[in-house]
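Novice: build me a model from this:
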Amino acid sequence: MTLFRTKPVEDVLAQQDDDGGEHPAGLRKRLRARDLVGFGVGIVIGTGIFTLTGVEAKNHAGPAVVLSFVLAGVVSLLAALCYTELASSVPTAGSAYTYAYATIGEPAAWIIGWDLVLEFALGAAVVARGWSSYLQDLFDLPTSVFGEHSDVNLGAMFIVAVLGVVAIVGIRESAWVTNTLVAIKVAICLFIIVAGAFYVKTANWHPFVPTSHGTTGASGGTRPLIQVLFGVQQSAFGFAGVLTAAAVVFFAYSGFEAVANLSEETRDPGRDLPRGLLGTLALATALYVGVSLVVTGMVRYSNLDEGAPLSSAFDSVGASWAGTLVSIAAVCGLTSVTLVDIVTMSRIGFAMSRDGLLPRNVAAVHPRFGTPARFTAGTTVVVMLIAGFISLSTLADLVSIGTLFAFVLVSVAVPVLRRTRPDLQRAFRVPLSPVVPILSALACLYLMLNLSIATWIRFAVWLVIGLVVYVGYGRRHALLNRREQPRATARAA
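Specialist: Numbers count the residues shown, from 1 in each chain. Next comes the predicted model:
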């Protein structure tokens, strides 16, 4: 048996059909381009638009946080182009996991699948706790069961349970709920941008890029890895501050890869996936740039509130009514993020189970709903427990490093698949390959280096645990292993 065995693309595509034998039924194709954009914006536009604008403008970039969002959007675009080619060529559940399986090898595929399950599980739990906090603030609910200071966060557990049921009932129903929430969220964001424009003072934008100065930086495990490896001095403001802020606000874009995980359920992947991925990034970037321009124009960047920059900005100009709209938009936004996290996590687990790397009975597709109901229900319970009992502030960066790690592997997979399978039909091709994939991988690696040492250690521990599970179960039960055993027996005979 080869250590880095790969899964033939033909096998990947064949698994989408129910042949009544080795493979379970495939997922039902019910999504159009607008549904993909809804899912994408549903997961991308979350707490980032309500908090990161103020934090990074005040601490690193000033009004030039607008440029930070643009730079982060460009890096995301590079990764999105790679995702688009692979997703339109190999339209199947699993996204980066499946692409790695077909190009780099089974161990890498397992690692990325294990990594993505963690990313979306923690993401759903963190966002559910945020949802509980916003709801508590909006309706003045008891802090004993709602919000971050509760002993048992019943609010977070409740929303996860409800959205888990929605995810089980069907992808069409999930799309309808997500599209409705996204419409409300985007409408309120646009209204806030337009209303805020009337309170903008252009003097607050000068200087647009504040003068750079050094900072004392963090210490111990909180130091960025790049600072330890290369002795890079942390600085605030100036162009270096813009880059630092870009590394942080990039994570406001994380999650758009969830669209690629829905390719198997897309009616016309070659046409709809490029529109869904690129449409998500275009709309998200426009909203981020608009909000950051308005906020830094309404209030001097040094006076921005880091916790609630939007609502406090409107309070400062006597328009406190907008704070209620911000809270409503946040509740809608976080609801859609949690739902898409649960849906995406279940599709990755479905793909891994279908390949035998996890127990295959959890990959069963519900005969009525057409969704991986067992895996969705199981992961929903786990996320409920995490969201209800564990404060995840120290683990939040794991979501970011997991996303970037997936981006790196997807970027590498594009030129590898071009070389190994030049005959594969590609509805979309990354321009200037391999230059664009290489730039995408390097940009993601740079952003990973800006994360703390502690985050890297936690990430490494999780991957080691995953490798133990892979060696102990996944490799021996994989479908590829079953096919190799008769060949090995025949060669021995």
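
Novice: residue 123 touches residue 255, doesn't it?
Specialist: Yes: with contact defined as Cβ atoms under 8 Å, residue 123 and residue 255 form a contacting pair (7.3 Å). The way it works is simple: take the backbone N, C-alpha and C, and place the C-beta from them, glycine included.

Novice: give me the common contacts of these two.
Specialist: 337, 341 (Cβ atoms under 8 Å, 6 or more residues apart in numbering).

Novice: helix, strand, or coil at the nearest residue to residue 132 once chain neighbours are set aside?
Specialist: With sequence-adjacent residues excluded and distances taken as Cβ to Cβ, 6 or more residues apart in numbering, residue 132 is closest to residue 155, at 3.3 Å. For residue 155, the assignment made with DSSP: H, G, I helix; E, B strand; the rest coil gives helix.

Novice: I'd say residue 155 and residue 138 touch.
Specialist: No: between residue 155 and residue 138 there is no contact under Cβ under 8 Å: 11.4 Å.

Novice: out of these two, which sits in the busier spot?
Specialist: Between residue 155 and residue 138, counted using other Cβ atoms under 10 Å, the more crowded position is residue 155 (24 against 15).

Novice: the more buried one and residue 147, how far apart?
Specialist: 7 Å (Cβ to Cβ, to the nearest Å).

Novice: quick check: neighbours shared by these two?
Specialist: Common neighbours of residue 155 and residue 147 (Cβ under 8 Å, 6+ apart) are 132, 136, 141.

Novice: so how many other residues sit close to the first one?
Specialist: Which is residue 132. 28.

Novice: so which helix or strand takes in it?
Specialist: Assessed by DSSP states H and E, residue 132 sits inside helix 106-139.

Novice: for residue 415, give me its contacts.
Specialist: By Cβ under 8 Å, 6+ apart, the neighbours of residue 415 are 433-434, 437-438.

Novice: so which of those residues comes closest to residue 109?
Specialist: Proximity of these to residue 109 (Cβ to Cβ) peaks at residue 437, which lies at 18.0 Å.

Novice: I'd say the closest one and residue 430 touch.
Specialist: Yes: between residue 437 and residue 430 there is a contact under Cβ under 8 Å: 6.3 Å.

Novice: overlap in contacts, the two.
Specialist: With Cβ under 8 Å, 6+ apart as the test, residue 437 and residue 430 both reach 82, 414.

Novice: among the contacts of residue 415, which pair sits farthest apart?
Specialist: Longest span within the contacts of residue 415, Cβ to Cβ: 433 and 438, 8.9 Å.

Novice: before we move on, the earlier item: among the shared contacts of residue 155 and residue 147, which one sits closest to residue 320?
Specialist: Nearest member of the shared contacts of residue 155 and residue 147 to residue 320, counting by Cβ to Cβ, is residue 136, at 18.7 Å.

Novice: helix/strand/coil for the spatially closest residue to that closest one that is not a sequence neighbour?
Specialist: Nearest residue to residue 136, sequence neighbours excluded (Cβ to Cβ, 6+ apart): residue 146, at 3.7 Å. Using three-state DSSP, the structure places residue 146 in coil.

Novice: now do the same contact list for residue 146.
Specialist: By Cβ under 8 Å, 6+ apart, the neighbours of residue 146 are 132-133, 135-136, 153-155.

Novice: how about the strands in the protein?
Specialist: 213-214, 235-236 (DSSP state E).

Novice: what's near enough to touch the closest residue to residue 65 other than its chain neighbours?
Specialist: The shortest distance from residue 65 to any non-neighbouring residue, by Cβ to Cβ, 6+ apart, is to residue 57 (4.2 Å). Going by Cβ under 8 Å, 6+ apart, residue 57 touches 63, 65, 245, 292, 295-296, 301, 304, 309.
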